[in-house]
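Attaching a predicted model along with its sequence, questions to come.
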Amino acid sequence: MPGQKDHANLFDDARSRLEEVFEAIHVHGDARERLKQPNLAMQVSVPVRMDDGSLRVFPGWRVQYNNTLGPAKGGIRFHPDVSQEEVTTLSFWMAVKCAVVDLPYGGGKGGVKVDPKRLSKLELERLSRGYVRAIADIMGPDRDIPAPDVNTNPMVMGWMADEFDHLARGKVPAAITGKPPALGGSLGRVAATGRGALHVLDLWASREGRKPEETTLAIQGFGNAAYHFARLAHERGYRIVAVSDSQGAIYSRDGLAPDPIMEQKTQHQRLHEMVYCDDSVCIAENVEKLERDELLSLEVDILVLAALENQVHEHNVDQVQAGAVLEIANGPVTSYADEQLEARRVPVLPDVLANTGGVIVSYYEWVQNRSGERWAEEEVNARLAERLEYQSRLVLERAEREEISYRKAAYRQGIERIADAIQLRGNCQDSE
Ligand SMILES: NC(=O)C1=CN([C@@H]2O[C@H](COP(=O)(O)OP(=O)(O)OC[C@H]3O[C@@H](n4cnc5c(N)ncnc54)[C@H](O)[C@@H]3O)[C@@H](O)[C@H]2O)C=CC1
Ligand SMILES: O=C(O)CCC(=O)C(=O)O
């Protein structure tokens, strides 16, 4: 049984997972050292002229983690809790996940410590442009390619891409992905994270002999990743019995319909107040309101974590009653909680595999921008399905063969690829 409790520091907790991998796949000493630290961490101050004429300065970061396989790749988060430690950890997970699905990228992540809900649209645009001006020297299609993450979206990516073009005095669409299609964004990118997660769930479920219509889901989060996952899972026949956002949760044993919930949310209706059903809108019969975190302890087949990191931890892991966990968020289960779930034989489909749909389609956007092509949405989705099914199968089969968790199998697959590349580049001085 695991003895160690959660690490106090998110980054220490995340990289503690490397130790098991290093032992299992005999990673060279030099590669181990290289993998424990980011290549570059840049802190910036982003001054923003507010609508009332005052000036506010927001702290921001961009971190590049191991660029051996290719340029740094990863999203930008706008959130009041962003810190250098969080961005560094997210860039580490990006490096691992890009390698797990065999993309020619290293890890990158950016963030600004800000509550974007308190900014006007023009203030948000000034912040987005200011952030790009601050990190432009380390960006570019062969260096570091940002994309959306929490509280950023195609509109924000469009402003950022426009600002980068101004600085570069030319069109450089491959410098940022997740743009609106009119600015060179790939069709299919908006739904890609949710779509990818559903492929991973489907593949696992079919190997387990589990049918969608016999499978209940509780979904934490109702943002970009969660909504598209919920919409597509509902279409496939999975029964979504609960959803939550940062303010609360709702439950219906009959199953909830994601589209009316999103329509209501778009009209500023609060999720936990949607407990009615009338002629104009019906998300389900018999909807109950729950406390936000009650969702985590529901007795469902699959608990889907699609909000933020550190949601299942040493203080609540004992309350998780789901039969399996699907991680769409980055790092939603701490390493201690993960070991507890493994000991209880609760399978976890890990973030570094399950949420790679977004970065895979970002890669397709970068390829399209560089080649001047535009692919139909069907082609993007077909390529996404093919890559994810192939790479997921490798992970699931490895887990079975080596009798380890899916997370350990995914980490072994990713770290093996990065470590091999580090060695092939001739950077290793190890005498082994
Ligand atoms: N957008 C993307 O393409 C990708 C996102 N991810 C990860 O997925 C997660 C969600 O990202 P997005 O959907 O893009 O962000 P988003 O900003 O669109 O949505 C976040 C959602 O989480 C909810 N939330 C926040 N705290 C919560 C809590 N304590 N309990 C329940 N709900 C809570 C918010 O209300 C919102 O509905 C993040 O961990 C992100 O890093 C991972 C891969 C790609
Ligand atoms: O689309 C991308 O490049 C990265 C998306 C992202 O930030 C993530 O996978 O966590």
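Yep, that arrived. Computed from a predicted model, the values in this text were never measured in an experiment. Numbers count the residues shown, from 1 in each chain. Ligands and ions are numbered 1, 2, ... in the order given.

immediately after the single longest helix found in the chain, which helix or strand?
Criterion DSSP state H: the longest helix present in the chain is helix 377-402. Next helix or strand after helix 377-402 toward the C-terminus (DSSP states H and E): helix 406-424.

For ligand 2, what's its nearest residue on the stretch 201-350 of the chain.
Closest residue of the stretch 201-350 of the chain to ligand 2, CB to the nearest ligand atom: Asn330 (5.2 Å). Where C-beta positions appear, they are placed from N, C-alpha and C, glycine not excepted.

and the stretch 201-350 of the chain, which of its residues are near ligand 2?
By the rule CB under 6 Å from any ligand atom, the part of the stretch 201-350 of the chain lying against ligand 2 is Asn330.

Nearest to ligand 1: which residue in the stretch 201-350 of the chain?
The nearest approach of the stretch 201-350 of the chain to ligand 1 comes at Gly223, 1.7 Å away (CB to the nearest ligand atom).

The longest helix of the chain and ligand 2, are they touching?
No. Applying CB under 6 Å from any ligand atom, one finds helix 377-402 separated from ligand 2 by no less than 12.1 Å.

Quick one: mean pLDDT over that helix.
Helix 377-402 carries an average pLDDT of 98.

Can you give the distance of that helix from its chain's centre?
Relative to its chain's centre, helix 377-402 lies at 17 Å (CA atoms, centre = their mean, to the nearest Å).

Which elements pack onto it?
On a contact count with 3 or more CB pairs under 8 Å, 6 or more residues apart in numbering; DSSP states H and E, helix 377-402 meets helix 189-207, helix 351-354, helix 357-371, helix 406-424.

Mean pLDDT, mean neighbour count and distance to ligand 1 added to those helices, as CSV?
Output for the helices and strands packed on helix 377-402, formatted as CSV (pLDDT from 0 to 100; neighbours: other CB atoms under 10 Å; distance: least, CB to the nearest ligand atom, whole Å):
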stretch, mean pLDDT, mean neighbour count, distance to ligand 1
helix 189-207, 98, 23, 4
helix 351-354, 98, 28, 7
helix 357-371, 98, 24, 3
helix 406-424, 96, 22, 14
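
now the ones you listed in TSV, with distance to Ser252?
Listed next are the helices and strands packed on helix 377-402 as TSV, based on distance: least, CB to CB, whole Å:
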stretch	distance to Ser252
helix 189-207	21
helix 351-354	25
helix 357-371	27
helix 406-424	30
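
I'd like the distance between Pro90 and ligand 1.
No, residue 90 isn't Pro; it's Leu. 7 Å (CB to the nearest ligand atom, to the nearest Å).
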